[in-house]
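**Student:** Sequence unavailable; structure follows:
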Ligand SMILES: Nc1ncnc2c1ncn2[C@@H]1O[C@H](COP(=O)(O)OP(=O)(O)OP(=O)(O)O)[C@@H](O)[C@H]1O
């Protein structure tokens, strides 16, 4: 039975049910249905343009399905209909999204970026300060650049900042779209290590990438090829 969200228990698992997803009249993915279990790491694969971003945007609430449902499952086993909720409501439900291309605000400093992430979640100042200090401990490179405008950071530092921002408030589900793009192999290794650490904390992790080799390094429970998820469009 589907119930309205009545508790503050975060969503830990996701299901997408018979969803058509696209842009206006154009359907990109048709009849998509799968589940992501609590604490699972799922790799979303597929070449350029098949719909990885489209799919993650739908899970994140950036883009609603034209048909079908997006369902969250809390740690208490409550089913929550997320279909018509946007990214902000999903963020409060525990689902955080790191979009492709990092989308940082170039003029905000590292410190301001992290502070605003906590303010957007109405986090108490002391808790935010503590969490931001933890970010600086985990990413010493960001600590040294806390008063630098985010637009001046390297691509790797921007990706770390984007991830740290998404982790504000301790989401239980993290959706990450093509985080390795354009990064040096050493930085890719650092990111993979960070994702492994997140997994160990029980975070449900969904990472999209074109490279199965890179995704395999996350040792995901499952990989989903977007081409296998969609019924033929136009059929
Ligand atoms: N805002 C948009 N409006 C219309 N069509 C779009 C829009 N964004 C993406 N598309 C189209 O939707 C399809 C899927 O694109 P999507 O970005 O989801 O693919 P992707 O697998 O994430 O590829 P990439 O690796 O390039 O990000 C493509 O045909 C693309 O042209």
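**Tutor:** Arrived safely. Owing to the predicted nature of the structure, the values given are computational and were not obtained by experimental measurement.
**Student:** All the strands of the chain, residue numbers only.
**Tutor:** Remark: strands assigned in the chain by DSSP state E are 11-23, 26-36, 41-45, 67-74, 79-81, 95-98, 173-177, 204-209, 222-225.
**Student:** and of the ones you listed, who's closest to residue 183?
**Tutor:** strand 204-209 (11.3 Å; CB to CB). Bear in mind the C-beta positions are built from the backbone N, C-alpha and C, glycine included.
**Student:** Tell me the residues of this structure that contact the ligand?
**Tutor:** Contact residues (CB under 6 Å from any ligand atom) of the chain with the ligand: 23, 26, 28, 46, 48-54, 100, 210.
**Student:** Spatially central residue for the protein, please.
**Tutor:** residue 175 (1.9 Å; CA atoms, centre = their mean).
**Student:** my guess is that one contacts residue 59, does it?
**Tutor:** Yes: the criterion here is CB atoms under 8 Å, and residue 175 meets it with residue 59 at 5.6 Å.
**Student:** what do these two both touch?
**Tutor:** Common contact partners of residue 175 and residue 59 (CB atoms under 8 Å, 6 or more residues apart in numbering): 95, 97, 206.
**Student:** quick one: which of those residues is nearest to residue 149?
**Tutor:** The closest of the shared contacts of residue 175 and residue 59, once distances to residue 149 are taken by CB to CB, is residue 97, at 23.1 Å.
**Student:** can you redo the strands of the chain as a markdown table with mean pLDDT?
**Tutor:** Output for the strands of the chain, formatted as a markdown table (pLDDT from 0 to 100):
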| stretch | mean pLDDT |
| --- | --- |
| strand 11-23 | 96 |
| strand 26-36 | 96 |
| strand 41-45 | 98 |
| strand 67-74 | 96 |
| strand 79-81 | 95 |
| strand 95-98 | 97 |
| strand 173-177 | 98 |
| strand 204-209 | 98 |
| strand 222-225 | 96 |
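**Student:** any low-confidence regions in the protein?
**Tutor:** By pLDDT under 70, the low-scoring segments of the chain are 1-8, 234-235.
**Student:** domain assignment for it?
**Tutor:** Using automatic domain parsing, the domains assigned to the chain come out as 1-94+170-187+204-235, 101-167.
**Student:** Can you name the residues bridging to the closest residue to residue 171 other than its chain neighbours?
**Tutor:** Nearest residue to residue 171, sequence neighbours excluded (CB to CB, 6 or more residues apart in numbering): residue 96, at 3.7 Å. On the basis of DSSP bridges, residue 96 is bridged to residue 174.
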